[in-house]
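Engineer: predicted structure and sequence below. I'll ask about it afterward.
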Amino acid sequence: MTAGSGQVYVVTGGCGFLGSHLVRMLLEHEKNISEIRVFDLHLDESLRTLSNDRVRVRLISGDISRLADVQEALHGSHLVIHTASLVDVWGRVPASKITEVNVTGTENVLQACKEEGVQYLVYTSSMEVVGPNIHGDHFYRGNEDTEYRIYHKEPYPLSKAKAEKLVLEANGIKIKGGKMLYTCSLRPTGIYGEGHELMKQFHRQGLRTGRCVFRALSPAIEHGRVYVGNVAWMHLLAARQLQIHPSTLGGQVYFCYDSSPYKSYEDFNMEFLSACGFKIIGSRPLVPYFLLYLLALLNVLLQWVLHGFITYAPILNPYTLAVASTTFTVQTDKAEKHFGYQPLYAWEEAKMRTITWVKSLEVSGKDLKDVGEKSNYCCS
Ligand SMILES: NC(=O)c1ccc[n+]([C@@H]2O[C@H](COP(=O)([O-])OP(=O)(O)OC[C@H]3O[C@@H](n4cnc5c(N)ncnc54)[C@H](O)[C@@H]3O)[C@@H](O)[C@H]2O)c1
Ligand SMILES: C[C@@H](CO)CCC[C@@H](C)[C@H]1CC[C@H]2[C@@H]3[C@H](O)C=C4C[C@@H](O)CC[C@]4(C)[C@H]3CC[C@]12C
């Protein structure tokens, strides 16, 4: 059967940062679908207006950790792209909740595929299922076969690794109707682009310091980043090709990559923030690592003391510092070899799209008001 021809796709977490780009990507580039079911705990009603005379965008409110919700959403569908996840490395939610959503939620998706006879599942995993580990082992231009000392202690990476394992192990199981389930897993590195919540935080933080970013990380530490539009495009292609070549893609993992430059996390963010007059201060870290680590530990202590009163979840904690301070870059062409993936957006276009969006944060003025900025003050 050719891919498409009036198929029903389910996108779990379809109202999220990646999910919403994926819904728009499917609408624009997947010509053979008749319905996109956007399954999410928090619905973004604006997505409903994207329906057109060819494709219906159907918003379904539900909890991935409730099997009945997932079964109902998948009933009669052809393929699931499972992006729903609690993305938390800051201690905002309890570990049990992260496991409930990311692991039990994935178990529910697999169970529902089996019971509803859904043959194809593309899972949105993460670079974090590999690393970086907290030992500081660098992963330099690695690929899907690179040996690495994987060591997970934090709830989020643990949950993504467990979920991915479940998805890959489910490849080839018998489902209702005597057919087989085919699965594959995509591992984005740090995703950036329009709507990235963390970028909003960095922008707001920078406004508070007079558009100055004080360098805290070594510029020698490279972090792989990938544009959200290319991650969405890779998901679309994987979904399409999993149906045509299930024996090639089934049970496989693929890093998500594009031509975004390898840079330190801060220098990469400055590619966009500098277009708004932000300046990075210091050619090397302005504070020694041990002081940053002490600050990270203080944040953990404050989070513990304030627990129950307020949710104190600053960007910096020992885990995020460890990840930010360890090189993790991928260099692979497995997705190209297996299903013809080529980035849809070149770096320059991804950069300009992101800059346009970051600039829109200023136009809205909300951020400026929040931090009492009177003018476009630029530090020297
Ligand atoms: N953002 C990144 O840098 C990055 C990198 C690698 C992988 N990923 C993965 O990409 C996927 C999407 O991440 P994102 O950055 O778009 O996050 P996001 O938080 O913007 O989107 C996640 C979506 O899942 C939904 N969700 C959460 N709990 C749910 C539940 N119980 N039931 C139903 N829906 C629920 C949320 O409402 C949200 O819309 C995740 O699986 C994440 O692990 C993200
Ligand atoms: C020390 C600060 C001074 O500016 C900078 C801290 C940056 C960190 C908050 C981020 C550095 C690397 C990020 C992670 C990476 O991009 C990949 C991820 C995988 C994804 O599945 C979830 C998000 C994340 C863990 C991401 C989180 C933020 C960083 C640790």
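Structural biologist: Structure received. Ligands and ions are numbered 1, 2, ... in the order given.

Engineer: ok, Gly62 touching Leu43?
Structural biologist: No. Under the criterion of CB atoms under 8 Å, Gly62 is not in contact with Leu43, lying 9.6 Å apart. Quick note: C-beta positions are derived from backbone N, CA and C, even for glycine.

Engineer: which one of those two is surrounded by more residues?
Structural biologist: Taking other CB atoms under 10 Å, Gly62 and Leu43 do not tie; Gly62 has more neighbours (19 against 16).

Engineer: the residue nearest to that one when sequence neighbours are not counted: neighbour count?
Structural biologist: Using CB to CB, 6 or more residues apart in numbering and skipping the chain neighbours, the partner closest in space to Gly62 is Asp69 (3.4 Å). Other residues near Asp69 come to 19 when the count uses other CB under 10 Å.

Engineer: contacts only, for Asp69.
Structural biologist: Phe39, Gly62, Asp63 (CB atoms under 8 Å, 6 or more residues apart in numbering).

Engineer: among these, which lie within strands?
Structural biologist: Residues of these located in strands (DSSP state E): Phe39.

Engineer: and of the contacts of Asp69, the nearest to Tyr289?
Structural biologist: The nearest member of the contacts of Asp69 to Tyr289, counting by CB to CB, is Asp63 at 40.7 Å.

Engineer: what's the closest one in contact with, if anything?
Structural biologist: Taking CB under 8 Å, 6+ apart, one finds Leu41, Asp69 in contact with Asp63.

Engineer: kindly recompute the last result at 10 Å.
Structural biologist: Phe39, Asp40, Leu41, Asp69, Val70, Ala84, Glu100, Val101, Gly105, Asn108 (CB atoms under 10 Å, 6 or more residues apart in numbering).

Engineer: hmm, Leu110 and Leu166 touching each other?
Structural biologist: Yes. Taking contacts as CB atoms under 10 Å, Leu166 lies within contact range of Leu110: 6.2 Å.

Engineer: what residues does the chain have near ligand 2?
Structural biologist: Of all the residues in the chain, those in contact range of ligand 2 (CB under 6 Å from any ligand atom) are 87, 89, 126-128, 190, 198, 216-217, 223, 265-266, 315-316, 320-321, 323-324.

Engineer: swap in 8 Å and give it another go.
Structural biologist: 85, 87, 89, 126-128, 156-157, 160, 188-191, 198, 202, 213, 215-217, 223, 225, 265-266, 269, 292, 315-316, 319-321, 323-325, 328 (CB under 8 Å from any ligand atom).

Engineer: from those residues, list the ones also adjacent to ligand 1.
Structural biologist: Among these, ligand 1 is touched by Ser85, Val87, Ser126, Met127, Glu128, Tyr156, Lys160, Pro188, Thr189, Gly190, Ile191, Leu198 when using CB under 8 Å from any ligand atom.

Engineer: just to revisit the earlier point, of the contacts of Asp63, which belong to helices?
Structural biologist: Secondary structure from DSSP state H places Asp69, Val70, Gly105, Asn108 of the contacts of Asp63 in helices.

Engineer: of all those, which comes closest to Gln119?
Structural biologist: Once CB to CB is applied, the member of these that ends up nearest Gln119 is Val70, at 16.1 Å.

Engineer: my guess is that closest one meets Lys114, correct?
Structural biologist: No. At 11.4 Å, Val70 does not count as touching Lys114 under the criterion of CB under 10 Å.

Engineer: tell me which of those two has more neighbours.
Structural biologist: Of the pair Val70 and Lys114, Val70 is the one with more neighbours under other CB under 10 Å, namely 31 against 15.

Engineer: just want the residue of this protein that's nearest ligand 1.
Structural biologist: Using CB to the nearest ligand atom, the closest approach of the chain to ligand 1 is made by Gly16 at 2.1 Å.

Engineer: burial of the residue lying closest to that residue once chain neighbours are set aside, as a residue count?
Structural biologist: Among residues not flanking Gly16 along the chain, Thr83 sits closest, at 6.4 Å (CB to CB, 6+ apart). Neighbour count for Thr83, taken as other CB under 10 Å: 27.

Engineer: what about the helices in the stretch 201-350 of the chain?
Structural biologist: 228-244, 246-249, 265-273, 289-306, 318-324, 334-339, 347-364 (DSSP state H, counting those that start in this stretch).

Engineer: got JSON lines for those helices, with mean pLDDT too?
Structural biologist: Shown next, in JSON lines, are those (pLDDT from 0 to 100):
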{"stretch": "helix 228-244", "mean pLDDT": "98"}
{"stretch": "helix 246-249", "mean pLDDT": "98"}
{"stretch": "helix 265-273", "mean pLDDT": "98"}
{"stretch": "helix 289-306", "mean pLDDT": "97"}
{"stretch": "helix 318-324", "mean pLDDT": "95"}
{"stretch": "helix 334-339", "mean pLDDT": "98"}
{"stretch": "helix 347-364", "mean pLDDT": "94"}
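
Engineer: got the residue ranges for the strands in the stretch 51-200 of the chain?
Structural biologist: 56-61, 79-82, 120-124, 139-142, 182-188, 190-192 (DSSP state E, counting those that start in this stretch).

Engineer: make JSON lines from those and add mean neighbour count and mean pLDDT to it.
Structural biologist: Shown next, in JSON lines, are those (neighbours: other CB atoms under 10 Å; pLDDT from 0 to 100):
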{"stretch": "strand 56-61", "mean neighbour count": "17", "mean pLDDT": "98"}
{"stretch": "strand 79-82", "mean neighbour count": "27", "mean pLDDT": "98"}
{"stretch": "strand 120-124", "mean neighbour count": "27", "mean pLDDT": "99"}
{"stretch": "strand 139-142", "mean neighbour count": "18", "mean pLDDT": "98"}
{"stretch": "strand 182-188", "mean neighbour count": "25", "mean pLDDT": "98"}
{"stretch": "strand 190-192", "mean neighbour count": "22", "mean pLDDT": "98"}
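
Engineer: kindly reformat these as CSV containing distance to His152.
Structural biologist: Formatted as CSV, the strands of the stretch 51-200 of the chain follow (distance: least, CB to CB, whole Å):
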stretch, distance to His152
strand 56-61, 32
strand 79-82, 20
strand 120-124, 17
strand 139-142, 14
strand 182-188, 14
strand 190-192, 18
